[in-house]
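**Student:** kindly return the folded structure for what I paste below:
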Amino acid sequence: MSDVTLRWAGEGLTFESRATYGAPIFTGNDPEGPGAKPSDLLPISLAACTVYDVVVILRKQRQDLQALEVRISSEQDPEPPWTFRAIHMHFVLTGEVDDRKAARAIELSEGKYCSVAATLRPVVRLSHSHELVRPEPHTDVTRSP
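**Tutor:** Numbers count the residues shown, from 1 in each chain. Here you go, the predicted model:
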């Protein structure tokens, strides 16, 4: 179980939430103000839930994962209530990572472990793709006189 709070200060359309661990999260509809657009938090939550599992799984498999980025695109209805219809996550994994292990880690997370994916799957079309980026070899360049 988690307990979170959301507070409106009484002015504008900015809200401050307190997450389970106490960190503040700002949301609102003011492009000039702090925080995220509330509807952006749904795809972000999906990606955060999934990427957590992917990192844990690849670490257990002793993969040399050095960086991980998820690019998220989503489709919503054009009319209120702007229901989400599809969310696609593209994982960019940097390091010496086996492609099959990366694909399997993503599948396990999205299909089995991620609570956000499990909640969304019955009503939103979820998809993903991935690519591996090999790190640049580190060369120590020394100049001779």
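**Student:** partner strands of whichever strand or helix holds residue 71, parallel or antiparallel?
**Tutor:** Using DSSP states H and E, residue 71 maps to strand 64-76. Taking DSSP bridges as the criterion, strand 64-76 forms sheet pairs with strand 84-96 (antiparallel).
**Student:** can you give me phi and psi for residue 130?
**Tutor:** The phi and psi values for residue 130, taken as degrees, to the nearest 10, are phi -150, psi 160.
**Student:** same question for residue 98.
**Tutor:** phi -70, psi 130.
**Student:** low-scoring pLDDT stretches of the protein, where are they?
**Tutor:** For the chain, applying pLDDT under 70 flags the ranges 138-145.
**Student:** how about the strands in the protein?
**Tutor:** 5-8, 14-18, 24-28, 64-76, 84-96, 125-133 (DSSP state E).
**Student:** can you put the ones you listed in JSON lines and add mean neighbour count and distance to residue 116?
**Tutor:** All C-beta spots, glycine's among them, are computed from the backbone N, C-alpha and C. As requested, the strands of the chain are exported to JSON lines (neighbours: other Cβ atoms under 10 Å; distance: least, Cβ to Cβ, whole Å):
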{"stretch": "strand 5-8", "mean neighbour count": "10", "distance to residue 116": "18"}
{"stretch": "strand 14-18", "mean neighbour count": "15", "distance to residue 116": "16"}
{"stretch": "strand 24-28", "mean neighbour count": "15", "distance to residue 116": "15"}
{"stretch": "strand 64-76", "mean neighbour count": "14", "distance to residue 116": "12"}
{"stretch": "strand 84-96", "mean neighbour count": "17", "distance to residue 116": "10"}
{"stretch": "strand 125-133", "mean neighbour count": "14", "distance to residue 116": "10"}
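**Student:** adding distance to residue 107, write these out as JSON lines.
**Tutor:** Formatted as JSON lines, the strands of the chain follow (distance: least, Cβ to Cβ, whole Å):
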{"stretch": "strand 5-8", "distance to residue 107": "34"}
{"stretch": "strand 14-18", "distance to residue 107": "31"}
{"stretch": "strand 24-28", "distance to residue 107": "29"}
{"stretch": "strand 64-76", "distance to residue 107": "15"}
{"stretch": "strand 84-96", "distance to residue 107": "11"}
{"stretch": "strand 125-133", "distance to residue 107": "8"}
